[in-house]
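S.K.: below is the sequence, then the predicted model.
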Amino acid sequence: MKNFLRKNWPLLICLFAFFFIMIVLESQGDSREPAVDRNIYKTLKTFTEILSIVEKNYVEPIEPKTLIQGAINGMMKSLDPHSAFMTPEMYKELEVETKGSFGGIGIEITIQKDILTVVSPIEDTPAFNAGIEAGDQIVKIDGKSTKDITIMEAVNKLRGPKDTKVTITIVRESLPKPKDITIIRDIIKVKSVKSKIFDKHIGYLRISSFQERTADDLSGALTEMKSKVQPLRGLILDLRNNPGGLLDQAIEVSDLFLKTGVIVFTKGRTKAMESKTTAKDDGAEPTCPMIVLVNEGSASASEIVAGALQDNGRALVVGAQSFGKGSVQTVIPLEDGSALKLTTAKYYTPKGRLIQAEGITPDIEIKYARSFDEKGQIAEEPIREKDLKGHIEQLDRAESKQEKPMQKEMDDLTKDNQLKGAIDILKSWEIFQKNTKNHVSLPASP
């Protein structure tokens, strides 16, 4: 033991310092709590003893740094599905990803029931084009089992240089046995905003994820649309299968459509985590009727936008109950270049609705017309935040049945009944307004 302490004293001092700082911060956050929990010292003593035993007696030589990093990973994994420890390499990849360009296959993943699972493929990426679907379980990556893998480890294995190959083995209920799919990596340049016009006067804007330039790109698309379409009689903002992204971009996107009102507010254990954001009137907001499309793949930032526009009465929300990820992750850089991604608060809509494990309920529910599998059965229900192991609970959560997410381009009205329904609603809206303006009063009944 003495030899171990002498050999690793710098590492152990850092570890004890970390826990001591956490205790001090905790005591500052709530004066009613004791300044120091003495039980933590007993726990640290046990941890040190175990560290020493493993370092001395494990069948293979192992670095204490590796053991401590494993302990940190285990600690973060015990919190919730979205908190994680990132090595310096992983942290750099996260920074690259938010800029909208990285080498990989293009999927959003999570851990469901201890299995690596696809939340959604990103449109126009190798994974999307290879036929990867939401709900697919990835049981192997390049022939190695994904059992007990963390999200960050999986991301590290799936990412890589352009034109390199990665083989994933998926399990899908409609398939008789696991299937190997080899995908050639590419530079994933996610074009987060797409736009088009339906029926000459109905604008369609799609956001696939919230990145550094999303609000600017959306503003440009909206300006171009208004210059070409006169009059603009309706707008559809499509947030289906949008896994989220940067909070500031969700706020700026909401502000493009709101003149006044609260956009979102957050609450955490400390005052520093409490915030409220309100809209600013710049005079350029569109005033035509608006619909926001959501489904079970709409998460986090996309739920903030949908909730803000719904609660402020700016748009009807149409589609299916959203994913329900209403927690705030703060990235805390560490001295060695690594970082913690820690859940520090929860999102609330302007009317105080908690998004976490509940999601956004549509004003008008339109279930996506699901296809049947090879056995003639409807495919399994999609996953949501409330299905994830260790998710943060929402009390009195309403349960709702959900439908299968779409996997193809969402602009074919013969296949996309949700988009067609939104267009029909906007058409009916215009007809209704005309009829109510020009109606003839009927005589009262005798």
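M.R.: Great, that's in hand. Numbers count the residues shown, from 1 in each chain.

S.K.: make it CA atoms for all contacts and neighbour counts henceforth
M.R.: Noted.

S.K.: and K427, what element?
M.R.: Taking DSSP states H and E as the definition, K427 sits inside helix 417-437.

S.K.: same question for the host helix or strand of F102, mean pLDDT?
M.R.: Secondary structure from DSSP H and E places F102 in strand 101-104. Averaging pLDDT along strand 101-104 yields 81.

S.K.: which secondary structure elements does it contact?
M.R.: The contact analysis (3 or more C-alpha pairs under 8 Å, 6 or more residues apart in numbering; DSSP states H and E) places strand 101-104 against strand 186-189.

S.K.: what residues sit buried inside stretch 76-96?
M.R.: Neighbour counts using 16 or more other C-alpha atoms under 10 Å place 76-77, 81-88, 90-91, 93-94 of stretch 76-96 among the buried residues.

S.K.: tell me which of the residues you listed fall in helices.
M.R.: 76-77, 88, 90-91, 93-94 (DSSP state H).

S.K.: show me where pLDDT drops low in the stretch 101-250 of the chain?
M.R.: By pLDDT under 70, the weakly predicted segments of the stretch 101-250 of the chain are 101.

S.K.: hang on, T330 packs against K346?
M.R.: No. Assessed by C-alpha atoms under 8 Å, T330 is found out of contact with K346, at 11.3 Å.

S.K.: out of these two, which sits in the busier spot?
M.R.: Neighbours per residue, other C-alpha atoms under 10 Å: of T330 and K346, the larger number sits with K346, 21 against 15.

S.K.: quick check: chain neighbours aside, which residue is closest to the more buried one?
M.R.: Spatial nearest neighbour of K346, excluding adjacent residues (C-alpha to C-alpha, 6 or more residues apart in numbering): S327 at 4.3 Å.

S.K.: hang on, the earlier thing: what's in contact with the strand holding F102?
M.R.: Residues from elsewhere that reach strand 101-104 (C-alpha atoms under 8 Å, 6 or more residues apart in numbering): 93, 96, 158-162, 185-190.

S.K.: just those now: which is nearest D282?
M.R.: V190 (28.5 Å; C-alpha to C-alpha).

S.K.: can you tell me which strand in this structure is longest?
M.R.: strand 339-348 (DSSP state E).

S.K.: which residues sit against the next helix or strand after that one?
M.R.: Next helix or strand after strand 339-348 toward the C-terminus (DSSP H and E): strand 364-365. The contact list for strand 364-365, computed with C-alpha under 8 Å, 6+ apart, reads 316-320.

S.K.: still on that earlier bit, can I get the contacts of strand 101-104 in JSON lines including distance to T270?
M.R.: Converted to JSON lines, these look like this (distance: C-alpha to C-alpha, whole Å):
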{"residue": "E93", "distance to T270": "29"}
{"residue": "V96", "distance to T270": "30"}
{"residue": "L158", "distance to T270": "36"}
{"residue": "R159", "distance to T270": "36"}
{"residue": "G160", "distance to T270": "39"}
{"residue": "P161", "distance to T270": "41"}
{"residue": "K162", "distance to T270": "43"}
{"residue": "R185", "distance to T270": "42"}
{"residue": "D186", "distance to T270": "42"}
{"residue": "I187", "distance to T270": "40"}
{"residue": "I188", "distance to T270": "37"}
{"residue": "K189", "distance to T270": "37"}
{"residue": "V190", "distance to T270": "35"}
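
S.K.: ChimeraX command for the buried members of the residues you listed?
M.R.: To isolate the buried members of the contacts of strand 101-104 in ChimeraX, using 16+ other C-alpha under 10 Å:
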select :93,158,159,160,185,186,187,188,190
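
S.K.: wait, N73 touches S83, no?
M.R.: No. N73 lies out of contact with S83 (C-alpha under 8 Å); the separation is 9.6 Å.

S.K.: please name every helix or strand in contact with the host helix or strand of D217.
M.R.: In the assignment (DSSP H and E), D217 maps to helix 214-228. On a contact count with 3+ C-alpha pairs under 8 Å, 6+ apart, helix 214-228 meets strand 193-198, strand 202-207, helix 247-255.

S.K.: of all the residues in that helix, which ones are buried?
M.R.: Buried residues in helix 214-228 (16+ other C-alpha under 10 Å): 214-215, 217-219, 221-222, 225.

S.K.: cool, and stretch 127-135?
M.R.: 127-129, 132-135.

S.K.: now stretch 305-323
M.R.: 305-312, 314-323.

S.K.: one more: stretch 64-71?
M.R.: Buried, per 16+ other C-alpha under 10 Å, within stretch 64-71: 64, 68.

S.K.: that one: how far from the chain's middle?
M.R.: 29 Å (C-alpha atoms, centre = their mean, to the nearest Å).

S.K.: send over that stretch as CSV, restricted to the C-alpha atoms.
M.R.: Extracted C-alpha coordinates of stretch 64-71, given in CSV (Å, rounded to 0.1, in the frame of the first residue of the first chain):
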residue,chain,number,x,y,z
PRO,A,64,-3.9,3.4,-12.3
LYS,A,65,-4.9,6.2,-14.7
THR,A,66,-6.9,3.6,-16.7
LEU,A,67,-8.6,2.4,-13.5
ILE,A,68,-9.5,5.9,-12.4
GLN,A,69,-10.8,6.8,-15.8
GLY,A,70,-13.0,3.6,-15.7
ALA,A,71,-14.3,4.7,-12.3
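
S.K.: can you give me the helices for the stretch 1-150 of the chain?
M.R.: 2-29, 39-57, 64-77, 88-98, 126-129 (DSSP state H, counting those that start in this stretch).

S.K.: care to break this protein down by domain?
M.R.: The record's domain split for the chain, according to automatic domain parsing, is 2-78, 101-189, 193-337+344-382+399-433.

S.K.: including distance to I392, could those go into TSV?
M.R.: As requested, the domains of the chain are arranged in TSV below (distance: least, C-alpha to C-alpha, whole Å):
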stretch	distance to I392
domain 2-78	11
domain 101-189	14
domain 193-337+344-382+399-433	7
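
S.K.: could you check the pLDDT of E97?
M.R.: Value for E97, per-residue pLDDT: 69.

S.K.: what's the first-to-last distance across stretch 346-358?
M.R.: 12 Å (C-alpha to C-alpha, to the nearest Å).

S.K.: picking that back up, any chance of the ones in helices among the buried residues of stretch 76-96 in JSON lines, plus pLDDT?
M.R.: Shown next, in JSON lines, are those (pLDDT from 0 to 100):
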{"residue": "M76", "pLDDT": "91"}
{"residue": "K77", "pLDDT": "86"}
{"residue": "P88", "pLDDT": "90"}
{"residue": "M90", "pLDDT": "83"}
{"residue": "Y91", "pLDDT": "88"}
{"residue": "E93", "pLDDT": "76"}
{"residue": "L94", "pLDDT": "78"}
